[in-house]
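Asks: Pasting the sequence and the predicted model now:
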Amino acid sequence: MKKVLWVALFLSILCAWPKAAAAYGNSNIKVSLWDRIAVAAPNNNIDEISGLDFGIGSAAEHVSGVQFDFIYANAKNDFDGVQWAWIYAVTPEFKGWQGALFAQADTFTGLQSGLVTWTKQDFTGVQWGGVNLADSFTGVQLGFVNYAKSVNGLQFGFVNYTENIYGLQLGLANIAKNGFLPAMIFVNGRF
């Protein structure tokens, strides 16, 4: 299983690299010790990354490409590509794949994975984690506990909760205020 995850990460990096290079014309590589203690080549711009951002903990304004950090990864404005950290990954506006123990974004399009995934506003795609949290959700939530204020799609887990659903909940406990019934076991939803 470990080999599959490493291969998937490597392939994600390879797929994101050409897009990053085309986005800003010149790609760059940034190596971060911690936050703003970093160097970037060839232009030493540590805020506008179009390529690879690698380190222990990293922060940048805009990232297009891959941000791979051991402790935390932070893109302060927007992110397009693959963001991965062991502990914490955060971005306000995200497109791509985000993975960490705690993964957070304001708006999200793509795949968000981790022990806890949280999107504060609009989410489109797949949330896959132990606990998944979102406000307005379109797609699939896969986890032990899934929470979304509104769902357009599928929630699959042990406990699923939403106030407004257009779709299906599958799990041990399913709570949807506008569902077939407000609370059901195994399946709930509304079409």
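Replies: Here it is on my side, so go on.

Asks: give me the beta-bridge partners of Asn28?
Replies: On the basis of DSSP bridges, Asn28 is bridged to Gly51.

Asks: wait, it sits on Asn43?
Replies: Yes. The pair Asn28 and Asn43 qualifies as a contact (Cβ atoms under 8 Å) at a distance of 5.8 Å. Glycine gets a C-beta too; all of them are placed from N, C-alpha and C.

Asks: These two: who's more crowded?
Replies: Set Asn28 next to Asn43 and count neighbours by other Cβ atoms under 10 Å: Asn28 wins out with 21 against 9.

Asks: in the host helix or strand of Phe79, what counts as buried?
Replies: Using DSSP states H and E, the element containing Phe79 is strand 48-85. Neighbour-count burial for strand 48-85, counted by 16 or more other Cβ atoms under 10 Å, picks out 48-60, 62-69, 72-75, 79-85.

Asks: Next secondary structure element downstream of it?
Replies: Strand 48-85 is succeeded, C-terminally, by strand 88-99 (DSSP H and E).

Asks: So which elements touch that next one?
Replies: Strand 88-99 is packed against strand 48-85, strand 102-142, with contacts defined by 3 or more Cβ pairs under 8 Å, 6 or more residues apart in numbering; DSSP states H and E.
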